[in-house]
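Peer 1: structure of the sequence below:
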Amino acid sequence: MSYLYIVLGAAIGAPLRYYVGSHFRPGIIGNFPLGTFVVNVSGCFLIGLLLEYATQRGSLSREARLLLVTGFLGSYTTFSAFGWETYDLFKLSQPLTAALYAGLSVAAGVLAVWLAAALVRSLI
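Peer 2: Here you go, the predicted structure:
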């Protein structure tokens, strides 16, 4: 049954990502990927709302978390999970770990994209 909640959330999140992202095309501000930026930041905002509310009120059921966080936000943007995890580390008074996680995640992500693009270019 857990997978059903995830699939239902994902079925809403993925099309919404496309819809929101397509309304903010690169070129509005140079080559800045504004659509992705808007999706990522709005996903971070939503996960902050949902999980902080759940933390403060203890009222987000397992099913609601699977539907909204894992399914919906997971397909809308995984950046929201990154944002929440970094925030949570700061909240737990672990600023060095939070900074290391954030810095390494961004650097490793960009490096992974660069390496994959280089691999594809070398094979084509």
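Peer 1: drop to CA atoms for contacts and neighbour counts, all remaining ones
Peer 2: Fine.
Peer 1: quickly find the element holding residue 83.
Peer 2: helix 79-91 (DSSP states H and E).
Peer 1: so what does that helix touch, helix or strand wise?
Peer 2: Identification of packing neighbours for helix 79-91 by 3 or more Cα pairs under 8 Å, 6 or more residues apart in numbering; DSSP states H and E yields helix 34-57, helix 95-123.
Peer 1: among those, which is nearest residue 19?
Peer 2: Each of those has some distance to residue 19 by Cα to Cα; the shortest is helix 34-57, at 9.5 Å.
Peer 1: only the buried residues of the helix holding residue 83, if you could.
Peer 2: 79-84, 86-89 (16 or more other Cα atoms under 10 Å).
Peer 1: also stretch 5-24?
Peer 2: 5-7, 9-10, 12-14, 16-17, 20-21, 24.
Peer 1: number of nearby residues for residue 115?
Peer 2: Per other Cα atoms under 10 Å, the neighbour tally for residue 115 reads 12.
Peer 1: quick one, phi/psi of residue 22?
Peer 2: The phi/psi pair for residue 22 (degrees, to the nearest 10) reads phi -70, psi -10.
Peer 1: list the contacts of it.
Peer 2: Residues in contact with residue 22 (Cα atoms under 8 Å, 6 or more residues apart in numbering) are residue 35.
Peer 1: repeat the analysis, applying 10 Å as the threshold.
Peer 2: 16, 34-36 (Cα atoms under 10 Å, 6 or more residues apart in numbering).
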